[in-house]
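S.K.: Compute the structure for the input listed below.
(4 chains)
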There are 2 protein chains.
Amino acid sequence: MTADTNAPVVNLDSIKQACGTCSLGALCLPMGLDEKDVDELGRIVKRNRPLHRGDHLFRMGDPFHSIFVVKSGSVKSYSSAQDGDEQVVGFHLPGEMLGLDAIDRGMHSCSAISMETTAVCELPFDRLEELSRRLPSLQHQIFRLLSKEINREEEMLLVLGKKSAEERLAAFLFSLSLRYKRRGYSDREFNLSMSRQEIGNYLGLAVETVSRLFTRFHEEGLLEAQRKHVHILDMERLEGMVSACSSMVNDHARMC
Amino acid sequence: MTADTNAPVVNLDSIKQACGTCSLGALCLPMGLDEKDVDELGRIVKRNRPLHRGDHLFRMGDPFHSIFVVKSGSVKSYSSAQDGDEQVVGFHLPGEMLGLDAIDRGMHSCSAISMETTAVCELPFDRLEELSRRLPSLQHQIFRLLSKEINREEEMLLVLGKKSAEERLAAFLFSLSLRYKRRGYSDREFNLSMSRQEIGNYLGLAVETVSRLFTRFHEEGLLEAQRKHVHILDMERLEGMVSACSSMVNDHARMC
DNA sequence: TATGATCCATGAGCTGGATCAAATATCCCG
DNA sequence: CGGGATATTTGATCCAGCTCATGGATCATA
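M.R.: I've put the predicted structure just below:
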């Protein structure tokens, strides 16, 4: 779903190609939109220059204009309370969407920061709303998308409310594995784009606990972890540790 | 938002009256819909017979047809993992909505059970979708509604991920207080419709911890609690305990 | 008014994970 | 390449909140 703002006439083939691994592809291509509709959707998408590590995509309180889809790289979204402590709300991998929580108040209720060099698509929400009135299946997809995000967070509530540290990290790694797999990457070997600190924050655990768990998982032959690089050795056992909770198997607001 | 299925012709005044304390009122009346639109919305609403304590509104896995608004009484929604343990996802007071998480998969991903005698409005979602294509402000409101639910759960993530037992219970009570106040009830004195067990489950705490906290809050002069009846004595201090986290101040998917 | 059944309160440990402290390891940038 | 900043690991200790156990309230149904 790439549309250069300097090139109003969009070539359909190039859209399809660019959207191959993108959740927008799942939104617009297989969902009963005809080529004209796809083209229309393609027209409203803005492509921005890539973000570097540490760049903010938006900050809490910023006025809301668009939702975003990660095309490559990864983004962390986090909210901060008055007392200063932060909660990582999610990690967004390629094909995943963010900014949905800003629709309600018309401003972003969390911040989003790039964890590495990252490219995103920007979808101006007013245009998307307008277009979705004319394209019933698009409207339905957006409803589903929002609903999916609610589901994902409900599952996360179960993890934070009920699960042990071990189960949390297992669920987290299994979730990542699944999300990479769905996008055609290896589900057994990948690089974490987030630090132990950020994982701990996300899972409601101290850094030290996360570190110790990685060591223990390693000792138990569950995986090999060198710094950011993770190699899952025993997927069955990992899944077993998770299956207790079906959680976190959903992407961030993926379309299908 | 009452519409007897036996009376297709809806009287506008009676709708307005019935919707006075209902989030749908906030949805359809002040949001730029004219009387005709309000009437149209009124027509699609089904009123069901009241639920008794313990009746399920829907169960996890049930096919999704409608979203619901609590008119009176209260509803608990909870999800259960394979291993049997349950997580209370939310408590729904009059004017609050539930069922939004079912849109995505076309089936309910959590169960909803009445905690007392409860009346609900039922909104068939396909009709709502169709109507919202013709009424832009309705479409926008539904997007906002879904987004608000995402926000509410993000705040809850912060509570479960970062806050102490004391802060969690304080935030919970403050949230209830605020929600009652907004609906014109007393914000200082109300009856809990949920047990200590259910509060504990919701907040990720053991029953005993909840019970001890009530006792401590009582000793500290923060509140009086006799069983289900709660009387908040020092709202400022309660708010102070919460303000660290702005959390849980949002309703379940309230419209405005 | 019994008779369970359920809920709530409270005491006494126990423990999973937090916190504190310190030793590497890795990265970044001049 | 060097040196400071940052991330990770590991060890030692502590404690908030869990678990277990008990007894008292409250409620429902006969």
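S.K.: can we go C-alpha only for contacts and neighbour counts from here?
M.R.: OK.
S.K.: that's a helix at residue A:158, yeah?
M.R.: Yes. Assessed with DSSP: H, G, I helix; E, B strand; the rest coil, residue A:158 lies in a helix.
S.K.: Now do it against DNA strand D, distance only.
M.R.: 13 Å (CA to the nearest atom of the strand, to the nearest Å).
S.K.: got it, and residue A:94?
M.R.: Distance from residue A:94 to DNA strand D, by CA to the nearest atom of the strand: 21 Å.
S.K.: Quick check: the gap between that residue and chain B.
M.R.: 20 Å (CA to the nearest CA, to the nearest Å).
S.K.: Touching, that residue and residue A:114? I think so.
M.R.: No. Taking CA atoms under 8 Å as the definition, residue A:94 is not a contact partner of residue A:114, at 12.0 Å.
S.K.: Look at those two and report which has more neighbours.
M.R.: Ranked by neighbour count (other CA atoms under 10 Å in any protein chain shown), residue A:94 and residue A:114 place residue A:114 first, with 25 against 22.
S.K.: That one contacts residue A:76, doesn't it?
M.R.: Yes. Counting by CA under 8 Å, residue A:114 does reach residue A:76; the two are 6.3 Å apart.
S.K.: anything in contact with each of residue A:94 and residue A:114?
M.R.: Common neighbours of residue A:94 and residue A:114 (criterion: CA atoms under 8 Å, 6 or more residues apart in numbering or on different chains): A:73-74.
S.K.: which ones are touching the one residue sitting closest to the centre of chain A?
M.R.: Of all residues in chain A, the one closest to the mean position by CA atoms, centre = their mean is residue A:92, 2.6 Å from it. Residues in contact with residue A:92 (CA under 8 Å, 6+ apart) are A:70, A:74-77, A:98, A:252.
S.K.: Export those residues as CSV, with columns for distance to DNA strand D, neighbour count and pLDDT.
M.R.: Putting the contacts of residue A:92 into CSV (distance: CA to the nearest atom of the strand, whole Å; neighbours: other CA atoms under 10 Å in any protein chain shown; pLDDT from 0 to 100) gives the following:
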residue, distance to DNA strand D, neighbour count, pLDDT
A:70, 22, 22, 89
A:74, 15, 25, 94
A:75, 15, 33, 95
A:76, 14, 23, 96
A:77, 16, 24, 96
A:98, 23, 22, 94
A:252, 22, 26, 52
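S.K.: Among those residues, which ones are in strands?
M.R.: A:70, A:75-77, A:98 (DSSP state E).
S.K.: does DNA strand C sit close to stretch A:113-133?
M.R.: No. Against DNA strand C, stretch A:113-133 shows no contacts by CA under 7 Å from any atom of the strand, the least distance being 9.3 Å.
S.K.: just stretch A:165-175 next, same as before
M.R.: Yes. Applying CA under 7 Å from any atom of the strand, one finds stretch A:165-175 touching DNA strand C at A:165-166.
S.K.: That stretch near DNA strand D at all?
M.R.: No. Stretch A:165-175 does not reach DNA strand D (CA under 7 Å from any atom of the strand); its nearest approach is 12.4 Å.
S.K.: can you pull the buried residues of that stretch?
M.R.: A:165-175 (16 or more other CA atoms under 10 Å in any protein chain shown).
S.K.: Give me the mean pLDDT for that stretch.
M.R.: Average pLDDT, stretch A:165-175: 96.
S.K.: what do you get for stretch A:229-241?
M.R.: 94.
S.K.: now do stretch A:44-53
M.R.: On average, stretch A:44-53 scores 82.
S.K.: how long is that stretch from one end to the other?
M.R.: 27 Å (CA to CA, to the nearest Å).
S.K.: List the buried residues of it.
M.R.: With the criterion 16+ other CA under 10 Å, stretch A:44-53 contains buried residues A:44-47, A:50-51.
S.K.: Where strands are concerned, which of the residues you listed count?
M.R.: Among the buried residues of stretch A:44-53, DSSP E puts A:46-47 in strands.
S.K.: Around DNA strand D, pick out the residues from the stretch 51-200 of chain A.
M.R.: Residues of the stretch 51-200 of chain A lying near DNA strand D (CA under 7 Å from any atom of the strand): A:194-197.
S.K.: and residue A:231, what element?
M.R.: Using DSSP states H and E, residue A:231 maps to strand A:229-232.
S.K.: which residues sit in contact with the closest residue to residue A:111 other than its chain neighbours?
M.R.: Closest residue to residue A:111 apart from its sequence neighbours, by CA to CA, 6 or more residues apart in numbering or on different chains: residue A:59 at 4.1 Å. Residue A:59 is in contact with A:108, A:110-112, counting by CA under 8 Å, 6+ apart.
S.K.: Can I get these in a markdown table including pLDDT, neighbour count and secondary structure?
M.R.: Putting the contacts of residue A:59 into a markdown table (pLDDT from 0 to 100; neighbours: other CA atoms under 10 Å in any protein chain shown; DSSP: H, G, I helix; E, B strand; the rest coil) gives the following:
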| residue | pLDDT | neighbour count | secondary structure |
| --- | --- | --- | --- |
| A:108 | 96 | 22 | coil |
| A:110 | 94 | 23 | coil |
| A:111 | 94 | 20 | strand |
| A:112 | 96 | 26 | strand |
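S.K.: ok, so of these, who is nearest chain B?
M.R.: If you rank the contacts of residue A:59 by distance to chain B using CA to the nearest CA, residue A:110 comes first, at 9.2 Å.
S.K.: just checking, residue A:199 touches residue A:210?
M.R.: Yes. If you go by CA under 8 Å, residue A:199 and residue A:210 touch, sitting 7.4 Å apart.
S.K.: Enumerate the residues of the stretch 1-150 of chain A near chain B.
M.R.: A:81-83, A:87, A:89, A:100-105, A:109, A:129, A:133-134, A:136, A:140, A:143-150 (CA under 8 Å from any CA of the partner chain).
S.K.: The residues you listed in strands, which ones?
M.R.: A:87, A:89.
S.K.: Can you tell me the SS state at residue A:166?
M.R.: With three-state DSSP as the criterion, residue A:166 reads helix.
S.K.: In contact with it, which residues?
M.R.: residue A:213.
S.K.: Which strand or helix spans residue A:194?
M.R.: Per DSSP H and E, there is no helix or strand for residue A:194.
S.K.: so what's the residue lying closest to it once chain neighbours are set aside up against?
M.R.: Leaving aside its sequence neighbours, residue A:194 sits nearest to residue A:115 (CA to CA, 6+ apart; 7.0 Å). Listed by CA under 8 Å, 6+ apart, the contact partners of residue A:115 are A:52-54, A:73-76, A:193-194.
S.K.: Relative to chain B, which of the buried residues of stretch A:44-53 is nearest.
M.R.: residue A:44 (18.3 Å).
S.K.: okay but that closest one is in contact with residue A:125, surely?
M.R.: No. If you go by CA under 8 Å, residue A:44 and residue A:125 don't touch, sitting 9.4 Å apart.
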